[in-house]
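1. Next come a sequence and a model predicted from it.
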Amino acid sequence: MSYLIPRALPLRSAITRPLFQSPLTSSSRTIFRPATQTASFSSTKPSSASASPRQKNPNQKAKVPPHLRQLSRAPVPPPTKTPEELVSLGYIVRRTPSVQLPVYRRWQSGGTRQVVVIKKVDGDRIRLLEDLVGGIGIAREDARVNPTTQHIELKGDHFDKARGWLLERGF
């Protein structure tokens with residue numbers, strides 16, 4: 001039972017002998033005397049009154065709480081056309097639940113190849129692809145519709161151009 005006793009306390013002050021044992025029960029019910037010696041723990045740290053205030057690292061950035069941080073990107077303005085006008089185009093690009101455009105940048109081949117992906121396209125994807133290629137001025141070979149996911153993929157750094165074109169069209 002000595003493994004239950006903290007090492008800082010001397011053994012004699014932590015465990016005392018019982019005053020008496022009940023005749024009806026065995027040694028399981030015993031009353032212990034309170035310890036007469038009090039254990040004093042010695043601390044190796046200096047007291048807080050004599051300790052110097054903690055110095056800040058001059059190279060560490062100041063932490064800004066999340067509610068005071070600036071947005072990393074400006075919010076996208078809402079669509080300018082009504083749903084009826086957008087349907088007349090033959091295709092529509094729906095917004096995400098956070099009301100952003102579903103245009104994403106994907107890095108491949110260890111960061112040396114960049115692909116822009118446009119998701120949430122409903123309607124005639126081929127027509128949207130042709131309008132997009134003509135609108136932002138890229139080669140037709142650099143754009144495709146992924147046959148599995150039906151996302152539009154553009155090779156190269158065309159993120160800002162594609163996003164701007166979609167905003168210009170009223171999505």
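-> Here it is on my side, so go on.
2. can we go C-alpha only for contacts and neighbour counts from here?
-> Fine.
3. For the spatially closest residue to residue 143 that is not a sequence neighbour, give me its contacts.
-> Among residues not flanking residue 143 along the chain, residue 154 sits closest, at 4.5 Å (CA to CA, 6 or more residues apart in numbering). By CA atoms under 8 Å, 6 or more residues apart in numbering, the contact list for residue 154 reads 115, 116, 117, 142, 143, 144.
4. Need the distance between the two termini of stretch 135-147.
-> Chord length of stretch 135-147, first to last residue, is 23 Å (CA to CA, to the nearest Å).
5. how about it: buried residues?
-> Going by neighbour count (16 or more other CA atoms under 10 Å), the buried part of stretch 135-147 is 143, 144, 145.
6. And for stretch 112-119?
-> Of all the residues in stretch 112-119, those buried under the rule 16+ other CA under 10 Å are 114, 115, 116, 117, 118, 119.
7. Need the single longest helix in the chain, by residues.
-> Criterion DSSP state H: the longest helix present in the chain is helix 125-136.
8. next SSE after that one?
-> From helix 125-136 onward toward the C-terminus, using DSSP states H and E, the following helix or strand is strand 143-145.
9. What's the first helix or strand after that next one?
-> Counting by DSSP H and E, the next helix or strand C-terminal to strand 143-145 is strand 152-155.
10. Tell me the spacing between the closest residue to residue 151 other than its chain neighbours and residue 56.
-> Leaving aside its sequence neighbours, residue 151 sits nearest to residue 119 (CA to CA, 6+ apart; 5.1 Å). Distance, residue 119 to residue 56, by CA to CA: 46 Å.
11. returning to that earlier point: and the longest helix of the chain, what's its mean pLDDT?
-> Averaged over helix 125-136, pLDDT sits at 96.
12. Against which helices or strands is it packed?
-> Judged by 3 or more CA pairs under 8 Å, 6 or more residues apart in numbering; DSSP states H and E, the packing partners of helix 125-136 are strand 91-93, strand 143-145, helix 159-168.
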